[in-house]
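1. Predicted coordinates and the sequence they were generated for:
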Amino acid sequence: MSSEKTPIPAGSNFIRAIIEKDLSQNKYATKKWAGSPGDAAHQDTGVVDVAKIRTRFPPEPNGYLHIGHAKSIFLNFGLARDFDGICHLRFDDTNPEKESQEYVDSISDAVKWLGFGWDNTSETNLYFASNYFDLMYRAAESLIETGHAYVDEQSADEMRINRGTLTEAGKDSPYRSRSVADNLARFREMRDGKHADGSMVLRAKIDMASPNINMRDPAIYRVRRAHHHNTGDQWCIYPMYTFAHPIEDALERITHSICTLEFEDQRPFYDWLLERLAEAGLLAHPLPKQYEFARLNLTYVVLSKRKLIQLVEEKHVSGWDDPRLPTLAGARRRGYTPAGFKLFTDRIGVSKADSWIEYSILEDCMREVLNTDAERRIAVLDPIKLVIDNYPLDSDGKSQSEDCFAPNHPLKPELGKRTVQLTKELWIEREDFMETPSKGFFRLTPGGMVRLRYGYVVKCTGCEKDADGNVTVVHCEYLPDTKSGTPGSDSVKVKGNIHWVSVAHAYEAEVRLYDRLFKEAHPGEGDRDFLADINQDSVKVIKTQLELSLKDAKAEESFQFERHGYFVADKKDSVAGKPVFNRTVTLRDAWQK
RNA sequence: UGGGGAGUCGCCAAGUUGGUUAAGGCACUGGGUUUUGAUCCCAGCAUCCGAAGGUUCGAGUCCUUCCUCCUCAGCCA
């Protein structure tokens, strides 16, 4: 090693540091992998694992994935990719009552959408915890046989009372010192359906006086007669997360088991369990290690499953894929992109400090990606008519029309230009005209000049108003020598530059303007009901005038509507020839009105 | 109050074995470019690392005490 400091790689974080260290110490140099999950005997038949590390993304299929999961997905799959490893998608389906195929499907879709998969060169790394129930059962018997587990017949209430408190030790269960044979017989009866739900549990036998409550003989198997989405009615006992998760990791030969901070207290049990099972010869070293990072908190958003369910069930939003929701399904309809999420996760980093990320960071990431990716189009969202009074008419009295050329992407000239028609009557944005301009306003105002983007410089001559004083039509005259792209275009310098569509060459379309779902940075903070913080104006459906070419937009295609923002053709409501646009995010606007 | 964590610029976040002027991003502020008040470019932006002591030639990094916040008492995950 040289004494010079090596530059810090981008995206460096404590987990990468741990992995680099583990790898430099050849910690997994002899770790065997038989091509599929299994116990020590199975893995011993394998070869040294080609995957340098193994990580996993282990959602429970009981809900929709949200932006917080995206952070975990990019972390786990990203680490595997960067370190020549493999990341498993594993459904942690150990609680039959809450899980279903619908969620398995939506989660799979979301992971794929973000750009990750589980079909690797020699194996498919898609797993279900429920496929390990046999092995888990064996592990439980092993624990009993080695005197590390017992069947407890206390009621749930008794167990809670005897667990003690944060500051007082718990009391041993009266069933704690039963013989191995007794425990084994009871546990088999549990498995065989001889005991009622809730009548007894299998508990690890550790220490009822441990200062860590998770070590006070945690329950590891419960009796529950429920139909499981994968194993059907095969089992009436199911393992608890505490017990199941470490085993799942070990069977899959995970090296780095990454989870969120609230599981830190669980780590001593994680290690305890795996060591006991390794001692018994069921699992092989090196055992997986758990590392915890801070979960994502985003301002102006709720990410708790409970609150998301409430928003959907009480119909505050249209469904799990409502474009205002922070679910990945919703974000996708909103027009947020996988590349944007990637940028976002890189930008926010990974650490153990609790933090709140400003929602504007996410928006900015989407802008950044969309700016380079999205083609430009012209859309007048709040139309008002502009008449060019001196624009020539044909002999039949109709307006002449001429071609103007608009680049599809100013940063990518290779994407070419498209033709838009200029005529005497145009639609422009209502807010681009002010009869009495406010300070700093440099768009259309009587006597003022502005460029019609890609067209001519025009001079505003006045406006018409209705009985209520609302402006109905704006009038102007054009300067024939100033057409964009001609030598005279720069003869008149103007500061303002407004977009437009020809009345004769535009079509009316529905556009949905989305804003934040919550008006407070921390919804429900303190004693407030988070529902009270809902922004009642989070969606506006408007009638707009769009340039004709937008009719051909395909579902999920994103565009920048010039001077407005990024819009996507809605995945769900668009039909061929009639796309419906959702506003993804506005452009930055530095003009303080 | 017991255990486990975390506190570095408005928001994130590097800083691993103590070594010179504390990375970077976002935001913000100036200036420039620009037919999007967009993008882009350039410059500025912590004498200070929760606080106070201490060790040391030298500390964000070590020690002591204190403060604040998060988290754990499901037969959920």
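-> Yep, it's here.
2. hey, what's residue A:239 bridged with?
-> According to DSSP bridges, residue A:221 are recorded as the beta-bridge partners of residue A:239.
3. same thing with residue A:89?
-> Here residue A:89, judged by DSSP bridges, has bridge partners residue A:57, residue A:126.
4. From residue A:457, how far out is it?
-> In this view, residue A:89 and residue A:457 are 58 Å apart by C-beta to C-beta, to the nearest Å. Every residue, glycine included, has its C-beta placed from N, CA and C.
5. go on, residue A:589?
-> For residue A:589, the distance to residue A:457 - C-beta to C-beta - is 24 Å.
6. between these two, which one's more packed in?
-> Taking other C-beta atoms under 10 Å, residue A:589 and residue A:457 do not tie; residue A:457 has more neighbours (25 against 10).
7. ok, and the closest non-adjacent residue to the more buried one?
-> Computed as C-beta to C-beta, 6 or more residues apart in numbering, the closest residue to residue A:457 that is not its neighbour in sequence is residue A:482, at 4.1 Å.
8. what's around the one you found, how many residues?
-> If we define neighbours as other C-beta under 10 Å, then residue A:482 has 20 of them.
9. pLDDT value on it, please?
-> Looking at residue A:482, its pLDDT reads 95.
10. hmm, the strand or helix carrying residue A:190 touching RNA strand B?
-> Secondary structure assigned from DSSP states H and E places residue A:190 in helix A:180-191. No: Helix A:180-191 does not reach RNA strand B (C-beta under 7 Å from any atom of the strand); its nearest approach is 10.3 Å.
11. on contacts alone, who are the packing partners of that helix?
-> helix A:133-145, strand A:149-152, strand A:219-223 (3 or more C-beta pairs under 8 Å, 6 or more residues apart in numbering; DSSP states H and E).
12. which regions of chain A sit below the pLDDT cut-off?
-> A:1-11, A:592-593 (pLDDT under 70).
13. For the nearest residue to residue A:71 once chain neighbours are set aside, the count of nearby residues, please.
-> Closest residue to residue A:71 apart from its sequence neighbours, by C-beta to C-beta, 6+ apart: residue A:296 at 4.8 Å. Other residues lying near residue A:296 total 24 when counted by other C-beta under 10 Å.
14. next one: residue A:266
-> 20.
15. Chain neighbours aside, what residue packs nearest to it?
-> Nearest one to residue A:266, counting by C-beta to C-beta, 6+ apart, is residue A:214 at 5.7 Å.
16. Where does the residue nearest to residue A:71 sit: helix, strand or coil?
-> coil (DSSP: H, G, I helix; E, B strand; the rest coil).
17. Could you double-check that it sits in contact with residue A:348?
-> Yes: contact criterion C-beta atoms under 8 Å: residue A:296 and residue A:348 qualify, at 7.4 Å.
18. which neighbours do those two share?
-> A:71, A:357 (C-beta atoms under 8 Å, 6 or more residues apart in numbering).
19. how much space between the residue nearest to residue A:457 and residue A:446?
-> Residue A:482 sits 19 Å away from residue A:446, going by C-beta to C-beta.
20. repeat for residue A:516
-> Applying C-beta to C-beta, the value for residue A:516 to residue A:446 is 37 Å.
21. Also residue A:408?
-> 34 Å.
22. Spell out which helix or strand contains residue A:426, please.
-> strand A:425-429.
23. Give me the buried positions along stretch A:265-281.
-> Buried residues in stretch A:265-281, counted by 16 or more other C-beta atoms under 10 Å: A:266, A:267, A:269, A:270, A:272, A:273, A:274, A:276, A:277, A:278, A:280.
24. so how far is stretch A:509-521 from its chain's centroid?
-> Relative to the mean C-alpha coordinate of its chain, stretch A:509-521 is positioned 18 Å out (C-alpha atoms, centre = their mean, to the nearest Å).
25. Whether that stretch contacts RNA strand B - can you check?
-> No: judged by C-beta under 7 Å from any atom of the strand, stretch A:509-521 makes no contact with RNA strand B; its nearest approach is 9.8 Å.
26. okay, how far is it across that stretch, tip to tip?
-> End-to-end distance for stretch A:509-521: 33 Å, by C-alpha to C-alpha, to the nearest Å.
27. List the buried residues of it.
-> Buried, per 16+ other C-beta under 10 Å, within stretch A:509-521: A:509, A:511, A:512, A:513, A:514, A:516, A:517, A:518, A:520.
28. hmm, back to that, out of the buried residues of stretch A:265-281, which one sits closest to RNA strand B?
-> residue A:266 (6.2 Å; C-beta to the nearest atom of the strand).
29. looking at this, the closest one is in a strand?
-> No: judged by three-state DSSP, residue A:266 forms no part of a strand; its state is helix.
30. Does it touch residue A:242 like I think?
-> Yes: when contacts are counted by C-beta under 8 Å, residue A:266 is listed as touching residue A:242 (6.4 Å).
31. Let me see the ranges of the helices in chain A.
-> In order along the chain, chain A carries the following helices (DSSP state H): A:14-24, A:40-44, A:67-82, A:101-113, A:133-145, A:156-162, A:180-191, A:241-251, A:267-279, A:305-313, A:328-334, A:338-348, A:359-373.
32. the domain parsing of chain A - what is it?
-> A:14-133+A:242-307+A:334-341, A:141-239, A:379-499 (automatic domain parsing).
33. For RNA strand B, tell me whether the last one is touching it.
-> Which is domain A:379-499. Yes: Domain A:379-499 reaches RNA strand B (C-beta under 7 Å from any atom of the strand) through A:410-411, A:440-443, A:451, A:453-454, A:483-485, A:489, A:496-497.
34. Determine which two of these are furthest apart.
-> Farthest-apart pair in these is A:440 and A:485; separation 29.2 Å (C-beta to C-beta).
35. Please determine how far residue A:382 is located from residue A:544.
-> 8 Å.
36. Name the residue in these two with the higher neighbour count.
-> Using other C-beta under 10 Å, the more surrounded residue of residue A:382 and residue A:544 is residue A:544, with 23 against 14.
37. Strands - which of the buried residues of stretch A:509-521 land there?
-> A:509, A:511, A:512, A:513, A:514 (DSSP state E).
38. Can you spell out which residues form a bridge with the third one?
-> When bridges are called by DSSP bridges, residue A:512 pairs up with residue A:541, residue A:582.
39. do you know how far it is from residue A:335?
-> 11 Å.
40. so what sits against both of the two?
-> In contact with both residue A:512 and residue A:335: A:323, A:582, A:583, using C-beta under 8 Å, 6+ apart.
41. tell me the phi and psi of the residue nearest to residue A:71?
-> phi -80, psi 130 (degrees, to the nearest 10).
42. Can you name the residue of the stretch 401-550 of chain A nearest RNA strand B?
-> Closest point on the stretch 401-550 of chain A to RNA strand B, by C-beta to the nearest atom of the strand, is residue A:484, at 2.1 Å.
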